[in-house]
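Trainee: Got a predicted model here, sequence first, then my questions.
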Amino acid sequence: MAEQTFKIGFNINPRATQGEAIDAKLYIEMAERADRMGLAYLSVPDFISRPVPRFDALTYIAALSVRTKRIKIGTDVLVTPLRSPIELARRIVTIDNLSDGRFIFGAGLGWWPKECEDIGISFKQRAGRTDEILHILKRIWTEPSVTHQGKYYQFRDVVIEPKPVQKPHPPIWIGGSSDAALRRAARIGDGWQGHLETGHVGQEHIEGAVRTMEPEEPIQKLREYAKAEGRDPNSIGFSFILRCNINPDPKKAIEEGRAFWESQMNAIEGGRPFEIKKNVAVYGPGEEVAAKVKELLSYGADRIVLYFHSPDIRTQVDRLEKTVLPHM
Amino acid sequence: MTRKLKVGIEITVMDKVGAPFTEQLEVAALADDIGLDFLAVPDSIARPFHKLDALIQTAALFTKTKRIRIGTDVFQVPLRHPIDIARRVTTLDTISGGRFDFGVGLGWFHKEFEFLGIPFNQRAGRTDEAMQVIKRLWTEPVVSHEGKYFKFSEFSLEPKPVQKPHPPIWIGGSSDAALRRVVRIGNGWAGHLETGHVGMDHLEGEVKTYGAAEVIGKLKGFAREAGRDFSTIQLSMMFRANINPDAKKAVEEASRYWEKVGKYIEGGRPFDVKQQAALYGPPERLLEKVKEVEKLGAERVVFYLHAYDIRAQVLAIEKYILPNL
């Protein structure tokens, strides 16, 4: 087993062609390999009701946790307002116990209005519900018995045992790249799970202008908002997502990245167009990917999370090990 | 192996703080090794004892076993949204390569419903509607639904379950309503021989125990009334047990387990009711009961072990029960 831990992770999103089964064994094997090669993190996105073949995030993470020994695994990000806080607390505690404290709770609001509608939750309430849920989770994870009278949730004397292995609770990393997300991270997060694209398009709504950012922009804001909350900016971690396709032939990398993106029907990653992706992603040889990872780490990021824009995770993980890690 | 009757155990909570999973994973691996057929996992969201989330736990157990089937006993459907349930179960079915049994129930612990803001008296209606939705999501490419409790349009759940048309649905409970639901929507009945709940904060129906012939006869009657061929309904029977050649020790361990944990999982019936339907002691009487239900058509028995040392119980099943079936 590798001694070193690289500050790199990847998104282990199980995929399949529409109408086909997901090859669960492949993904478990990829997780085991990531663990062995000394990567820091595996991230799993969450979908309740989107038209792409996906697993339930927490159920899938349970399986990955048992098959790995030291890598951290987290949601990136869990669509928090669609869940009942008590059940969510129990599910996360179970994973935290199962993984012996390797779970990172990446929390987000969601951005797909239809997903909220399908579950019967008002899209407009998603920020308010998320804040209330995160507040409840923290209490359930740390207090012996909780009574709560909130706007969206009310209950008396709820006891959830066991408590999490991580104390006081699994770290909560807030996802999203809007100002509101950064403020939420500064207010209640242990970290910000960042990326450098902002604004949403497609899928029946537009929210903010779609653009890319330089890393300084969100980092600066996060620090500023933390200070305004009276928190030490250094106590809040951050990470960046890096979209990539690792291929010695840059042309092929871009082609595959584009084809992959189009096949996802924009149902992931905010549905932003490929031209935006291209600005902040790296499609090319391992050396280039390594250089970009190092550049992003130089801002003080805790880790960089690769999102493979490729239908072939096995090849990407191979190339990560053989052509990226040697340059780290 | 010539044994026809399938044998399972309930993997329940162990009242130990620390590393509960390690022990459960080991017990699951042992059960898989010695050739047991089934592990049952109970579900609780917010009952006041040390408990893990049922489906997360099931996912973990699947990755540590190779052939044994694992299922819920039973999953409280009305406390969740059907789309969420459908995806979670599909995930389990895929991860396990089609080894998941979906045990379904209404729940009975009032407080759990209050905590989640779901009216207790809607639990039957919600379950029926949710199950209808879930079956459609598992089998139809695109589903729109407009019901009393749930409403959504043009949703496509992918992937579909590995088992076709979907994982078997086992309905739990032994009330008349539960038996009728088996006939209406179940692939099987996850039966046991007690009914009525007491204790905690509500009383519903008379607490009593049944003979297996009586309750299976009732199920047959309901099937006939509904025009469903009884032979298409699979039967599984659960026995509460503590296997120990020393009968006194068996009862003692069972009662300790019952007060601390069991009553919150199984309906809060008093321990003396348990004792009537349960089998605590040497294996002979248990074997007799098992053979009786096999004759009545059961294809599976599940031992709900009222014990703390589950490993010892599994080894007792291997030693005393399996060779005699």
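Mentor: That came through, no problem. Numbers count the residues shown, from 1 in each chain, chains lettered A, B, ... in the order given.

Trainee: which residue is nearest the middle of chain B?
Mentor: The residue lying closest to the centre of chain B (C-alpha atoms, centre = their mean) is residue B:73, at 1.9 Å.

Trainee: Repeat that for chain A.
Mentor: residue A:76 (1.5 Å).

Trainee: So the residue nearest to that one when sequence neighbours are not counted: helix, strand or coil?
Mentor: Nearest non-adjacent residue to residue A:76, counting by C-beta to C-beta, 6 or more residues apart in numbering or on different chains: residue A:43, 3.6 Å away. (Glycine included, C-beta is placed from N, CA and C.) Assigned with DSSP: H, G, I helix; E, B strand; the rest coil, residue A:43 falls in the strand class.

Trainee: Residue A:43 - how many residues pack around it?
Mentor: By the measure other C-beta atoms under 10 Å in any protein chain shown, the count of residues near residue A:43 is 28.

Trainee: List the contacts of the closest residue to chain B within the stretch 101-250 of chain A.
Mentor: As assessed by C-beta to the nearest C-beta, chain B sits closest to residue A:118 within the stretch 101-250 of chain A, at 4.0 Å. Residues near residue A:118 by C-beta atoms under 8 Å, 6 or more residues apart in numbering or on different chains: A:48-49, B:83, B:152-153, B:155.

Trainee: same thing with residue B:304?
Mentor: B:9-10, B:12, B:40, B:192, B:238-241, B:266.

Trainee: switch to 10 Å and redo it
Mentor: B:8-10, B:12, B:40, B:42, B:73, B:192, B:238-242, B:262, B:265-266, B:278 (C-beta atoms under 10 Å, 6 or more residues apart in numbering or on different chains).

Trainee: Over to residue A:194?
Mentor: Applying C-beta under 10 Å, 6+ apart to residue A:194 gives the contacts A:173-177, A:181-182, A:185, A:213, A:215, A:218-219, A:222, A:238-241, A:296, A:301, A:305.

Trainee: Same question for residue A:160.
Mentor: Residue A:160 is in contact with A:86-87, A:89-90, A:93, A:137, A:139-141, A:143-146, B:45-48, B:50-51, counting by C-beta under 10 Å, 6+ apart.

Trainee: What of residue A:226?
Mentor: A:182-183, A:185-187, A:189, A:192, A:232-236.

Trainee: Looking at the residues you listed, which is nearest residue A:22?
Mentor: residue A:192 (30.0 Å; C-beta to C-beta).

Trainee: before we move on, which element is the closest one in?
Mentor: strand A:191-194 (DSSP states H and E).

Trainee: now do residue B:285
Mentor: helix B:283-295.

Trainee: For that helix, give the mean pLDDT please.
Mentor: The pLDDT scores in helix B:283-295 average 93.

Trainee: Need the residues that contact that helix.
Mentor: Residues from elsewhere that reach helix B:283-295, judged by C-beta under 10 Å, 6+ apart: B:4-5, B:7, B:191, B:193, B:211-213, B:216, B:235-239, B:241-245, B:247, B:277-280, B:298-301, B:303, B:316-317, B:319-321, B:324-325.

Trainee: Buried among those? Make that a ChimeraX selection.
Mentor: Paste this into ChimeraX to select the buried members of the contacts of helix B:283-295, with burial taken from 16 or more other C-beta atoms under 10 Å in any protein chain shown:
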select /B:5,7,191,193,212,216,235,236,237,238,239,241,242,243,244,277,278,279,280,298,300,301,303,316,317,320,321,325
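
Trainee: and the contacts of helix B:283-295, which of them are in strands?
Mentor: Using DSSP state E, the subset of the contacts of helix B:283-295 located in strands is B:7, B:191, B:235-239, B:241-243, B:279-280, B:300-301, B:303.

Trainee: Quick check: longest helix in the chain by residues?
Mentor: Looking at chain A here, since you left the chain open. Secondary structure of chain A per DSSP state H: the longest helix is helix A:126-142.

Trainee: wait, I meant chain B there
Mentor: If you go by DSSP H, chain B has its longest helix at helix B:123-139.

Trainee: Next, the buried residues of that one.
Mentor: Buried residues in helix B:123-139 (16+ other C-beta under 10 Å): B:123, B:126-131, B:133-138.

Trainee: before we move on, what about stretch A:148-168?
Mentor: Using 16+ other C-beta under 10 Å as the burial criterion, the residues of stretch A:148-168 that qualify are A:148, A:152-153, A:155, A:158, A:160-166.

Trainee: Show me what the mean pLDDT comes to for the strand holding residue A:192.
Mentor: The average pLDDT within strand A:191-194 is 96.

Trainee: What strands flank the helix or strand that that strand is followed by, and is each parallel or antiparallel?
Mentor: For strand A:191-194, the following helix or strand on the C-terminal side (DSSP H and E) is strand A:197-200. Strand pairing for strand A:197-200, determined by DSSP bridges: strand A:207-212 (antiparallel).

Trainee: can you tell me the average pLDDT over the partner strand?
Mentor: If you average the pLDDT over strand A:207-212, you get 72.

Trainee: Which of the contacts of residue A:118 sits closest to residue A:228?
Mentor: The closest of these to residue A:228 turns out to be residue A:48 (C-beta to C-beta; 33.5 Å).

Trainee: what angle separates the helix holding residue B:285 from strand B:234-243?
Mentor: Relative orientation of helix B:283-295 versus strand B:234-243 (axes from the mean of the first three to the mean of the last three C-alpha atoms, to 10 degrees): 180 degrees.

Trainee: Could you point out the helix or strand that follows the longest helix of chain A?
Mentor: For helix A:126-142, the following helix or strand on the C-terminal side (DSSP H and E) is strand A:146-149.

Trainee: Next up, the contacts around residue 150.
Mentor: You didn't pick a chain, so chain A it is. With contact taken as C-beta under 10 Å, 6+ apart, residue A:150 is in contact with A:85, A:128-129, A:131-133, A:135-136.

Trainee: my bad, chain B
Mentor: Applying C-beta under 10 Å, 6+ apart, we find residue B:150 in contact with A:118-120, B:81-83, B:126, B:129-130, B:132-133.

Trainee: now those as TSV including distance to residue B:118?
Mentor: As requested, those are exported to TSV (distance: C-beta to C-beta, whole Å):
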residue	distance to residue B:118
A:118	18
A:119	14
A:120	12
B:81	11
B:82	13
B:83	16
B:126	7
B:129	13
B:130	11
B:132	18
B:133	16
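
Trainee: got a markdown table for the residues you listed, with distance to residue B:32 and pLDDT too?
Mentor: Shown next, in a markdown table, are the contacts of residue B:150 (distance: C-beta to C-beta, whole Å; pLDDT from 0 to 100):
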| residue | distance to residue B:32 | pLDDT |
| --- | --- | --- |
| A:118 | 37 | 92 |
| A:119 | 36 | 93 |
| A:120 | 40 | 93 |
| B:81 | 32 | 97 |
| B:82 | 31 | 97 |
| B:83 | 32 | 96 |
| B:126 | 35 | 98 |
| B:129 | 36 | 98 |
| B:130 | 31 | 98 |
| B:132 | 34 | 98 |
| B:133 | 33 | 98 |
